[in-house]
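Visitor: need the 3D shape of this:
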Amino acid sequence: MNSRIFLFLATLGTLPGNAQDSHDAHDDSSAYEYKVGEVNYFTGEGVNPGGFLFPELFIDTTGGVFEPGTNPEDLATNEHDPRSEASIQTIEMHLDLNLNDVLTGGFRGVAQEFEGSWEGNLEEAYLHHRLNEYLAIGGGQFLNEFGFQASKHIHVWDFVNQNLVNSRMLNEGELATQGGEAIFSLPGNAGRIIIGGGGVRTHNHDHDHGHGDEEEHGHHEDEDGDHDEDENHDEEEHHYDIDQAFFNDWIFSTDARFRMPFDDSMTTTASIAIGENGFGENTYVYGVGLEKVWGAHDHGNGPEFCEDAVMLRSEFIGRSIHGIDDEDGGAFEADDYGFSTALFYGLTESTTLSIRHDWVSELAEFEQSERHRFSPAITTFLDRGERIRARIQYDYDHGDDLPGEHAAWLQLQFQWGGQGGSHIGHDH
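Guide: The predicted structure is shown next:
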């Protein structure tokens, strides 16, 4: 896999062309006008082979300071969270396609270090065909839309780590689907509805999602070979593998996003997903979200967060897990839920202050405890082209199995290609 990564990076360095971010260019086909002499191979600005391909590369390096005895892996909730005291958190390779806003697509590859070795994963490889002003259809492998956070790639996360509720409910925080989707755009930029479905791409790692080791909760025998007095208690409180609660086979989802007619600086989302889990039954996930901006400026796409603006974003996600008990064959149902709320302030055009509160409920059947996390952060770009981003973040974790853990993070991100300023989220 390493040779493929280096070959891809070497190929990017030889591509000619023009610089524009294909995501921003979705709203303006004139962004693809070729301009001679504006190519900067060092920063990737202007690299646009053929006028319709847009390569980008993002490298996130992260280091942390923790309390004595704290293992960073114990704080991570998914494979993309930082898992060591200092490392390259992820390397993201993007290649976007846009042919006159009619045929669009994207390739997203991620390389990361996991348990001492490097490996790569294909996050997305999809094509969309825009049939008319209001409808586009497409397919391939893509991150299914579900609220504000789920489809965001790592380089546009607002914090160093994933929201707790996304990691708990949505297969490592996202829904990587191999199938198709239809995108309905509402008139007047009032919103859009996305319907998608297909097979779920599952991860191959055996993660510890915070549930206990079965051996620690199994039956114990005394020196005479007799079961101890906790045997009946263990039988009454049989626990299930949390990995089996996630989507494991197929998935169908709907995500709707609307700007409020009485206030176009307020956006709401409503999402639902249903699919087969590891028990061979169904898991149902539902969510709602709200985003409100004060003091924003309209740069052509409605009021946007920028200098001196304040933005509030909050998401609630709930889940209902249906399964079959392997021991007695009986059906069971378990429910959990949580939310993530964040407040942002634009200190300058390149610096943002933010604070986040995450909370997830207890899920006793799967040995998942209630957990809170408070995360203040400051994010700034260190260069005029906004290609080098620095973030300092503090986390306070508290739960039944995390009795007050403190962590401080420093993250540096380097961007090559596209338009500088990855603090603006990309929608596919």
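Visitor: does the closest residue to N163 other than its chain neighbours count as helix, strand or coil?
Guide: Leaving aside its sequence neighbours, N163 sits nearest to S340 (Cβ to Cβ, 6 or more residues apart in numbering; 4.0 Å). Bear in mind the C-beta positions are built from the backbone N, C-alpha and C, glycine included. With DSSP: H, G, I helix; E, B strand; the rest coil as the basis, S340 sits in strand.
Visitor: now do S167
Guide: Under three-state DSSP, S167 comes out as helix.
Visitor: return the residues in contact with it.
Guide: Residues in contact with S167 (Cβ atoms under 8 Å, 6 or more residues apart in numbering) are 77-78, 81, 173, 209.
Visitor: please repeat the previous calculation with a cut-off of 10 Å.
Guide: 76-81, 161, 173-174, 207, 209-210, 338, 358, 360 (Cβ atoms under 10 Å, 6 or more residues apart in numbering).
Visitor: closest one to V102 out of these, please.
Guide: E174 (27.4 Å; Cβ to Cβ).
Visitor: from N166, how far off is that closest one?
Guide: In this view, E174 and N166 are 7 Å apart by Cβ to Cβ, to the nearest Å.
Visitor: between the two, which contacts overlap?
Guide: 78, 146, 149-150, 152.
Visitor: among those, which one has the most neighbours?
Guide: Counting neighbours by other Cβ atoms under 10 Å, F146 comes out on top of these with 28 neighbours.
Visitor: what pairs with the host helix or strand of L312, and is each one parallel or antiparallel?
Guide: Using DSSP states H and E, the element containing L312 is strand 310-324. Partners of strand 310-324 in the sheet, by DSSP bridges, are strand 282-294 (antiparallel), strand 331-346 (antiparallel).
Visitor: dump those strands into a markdown table; add distance to G385 as well.
Guide: Output for the strands paired with strand 310-324, formatted as a markdown table (distance: least, Cβ to Cβ, whole Å):
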| stretch | distance to G385 |
| --- | --- |
| strand 282-294 | 25 |
| strand 331-346 | 19 |
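Visitor: export those strands as CSV, with columns for distance to Q368 and mean pLDDT.
Guide: Shown next, in CSV, are the strands paired with strand 310-324 (distance: least, Cβ to Cβ, whole Å; pLDDT from 0 to 100):
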stretch, distance to Q368, mean pLDDT
strand 282-294, 14, 97
strand 331-346, 7, 96
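Visitor: buried sites along stretch 372-386?
Guide: Buried residues in stretch 372-386, counted by 16 or more other Cβ atoms under 10 Å: 373, 375, 377, 379-381, 386.
Visitor: can you pull out the strands in the stretch 151-300 of the chain?
Guide: With strands called from DSSP state E, counting those that start in this stretch, the stretch 151-300 of the chain shows them at 176-185, 191-200, 247-260, 263-277, 282-294, 297-298.
Visitor: would you turn the strands paired with strand 310-324 into a markdown table with distance to D308 and mean neighbour count?
Guide: Formatted as a markdown table, those follow (distance: least, Cβ to Cβ, whole Å; neighbours: other Cβ atoms under 10 Å):
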| stretch | distance to D308 | mean neighbour count |
| --- | --- | --- |
| strand 282-294 | 9 | 19 |
| strand 331-346 | 6 | 18 |
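Visitor: so which of the ones you listed comes closest to N48?
Guide: Among the strands paired with strand 310-324, if distance is taken as Cβ to Cβ, the winner is strand 331-346, at 29.5 Å.
Visitor: tell me how far the helix or strand that that closest one is followed by is from the chain's mean position?
Guide: The helix or strand immediately downstream of strand 331-346 is strand 351-360, counting by DSSP H and E. Centroid separation for strand 351-360 versus its chain: 15 Å, with Cα atoms, centre = their mean, to the nearest Å.
Visitor: what does stretch 129-145 give?
Guide: Distance, centroid of stretch 129-145 to centroid of chain: 19 Å (Cα atoms, centre = their mean).
Visitor: what is the end-to-end distance of it?
Guide: With Cα to Cα, to the nearest Å applied, stretch 129-145 spans 17 Å between its terminal residues.
Visitor: buried sites along that stretch?
Guide: Neighbour-count burial for stretch 129-145, with 16+ other Cβ under 10 Å as criterion, is recorded at 130, 136, 138-145.
Visitor: out of the strands paired with strand 310-324, nearest to A408?
Guide: strand 331-346 (18.3 Å).
Visitor: tilt between the closest one and strand 351-360?
Guide: Put simply, strand 331-346 runs at 160 degrees to strand 351-360, going by axes from the mean of the first three to the mean of the last three Cα atoms, to 10 degrees.
Visitor: go ahead and produce PDB holding the CA coordinates of strand 331-346.
Guide: The C-alpha trace of strand 331-346 is given here as PDB (Å, rounded to 0.1, in the frame of the first residue of the first chain):
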ATOM      1  CA  ALA A 331     -35.200 -11.100  20.700                       C
ATOM      2  CA  PHE A 332     -34.100  -8.000  22.500                       C
ATOM      3  CA  GLU A 333     -34.100  -4.200  21.900                       C
ATOM      4  CA  ALA A 334     -31.700  -1.600  23.200                       C
ATOM      5  CA  ASP A 335     -31.700   2.200  22.800                       C
ATOM      6  CA  ASP A 336     -29.200   4.900  23.200                       C
ATOM      7  CA  TYR A 337     -28.900   8.600  22.200                       C
ATOM      8  CA  GLY A 338     -26.700  11.600  22.600                       C
ATOM      9  CA  PHE A 339     -25.900  15.100  21.300                       C
ATOM     10  CA  SER A 340     -23.100  17.400  20.300                       C
ATOM     11  CA  THR A 341     -23.300  21.100  20.600                       C
ATOM     12  CA  ALA A 342     -20.600  23.600  19.500                       C
ATOM     13  CA  LEU A 343     -20.300  27.400  19.600                       C
ATOM     14  CA  PHE A 344     -17.900  29.200  17.200                       C
ATOM     15  CA  TYR A 345     -16.700  32.800  17.200                       C
ATOM     16  CA  GLY A 346     -14.700  34.300  14.300                       C
END
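Visitor: tell me which of the strands of the stretch 151-300 of the chain sits nearest to F58.
Guide: Nearest of the strands of the stretch 151-300 of the chain (Cβ to Cβ): strand 176-185, 18.2 Å.
Visitor: any buried residues in the closest one, and which?
Guide: For strand 176-185, the neighbour count (16+ other Cβ under 10 Å) marks 176-179, 181-183, 185 as buried.
Visitor: what is the burial count for D308?
Guide: Using other Cβ under 10 Å: D308 sits among 13 other residues.
Visitor: show me what contacts it?
Guide: Going by Cβ under 10 Å, 6+ apart, D308 touches 294-297, 345-349.
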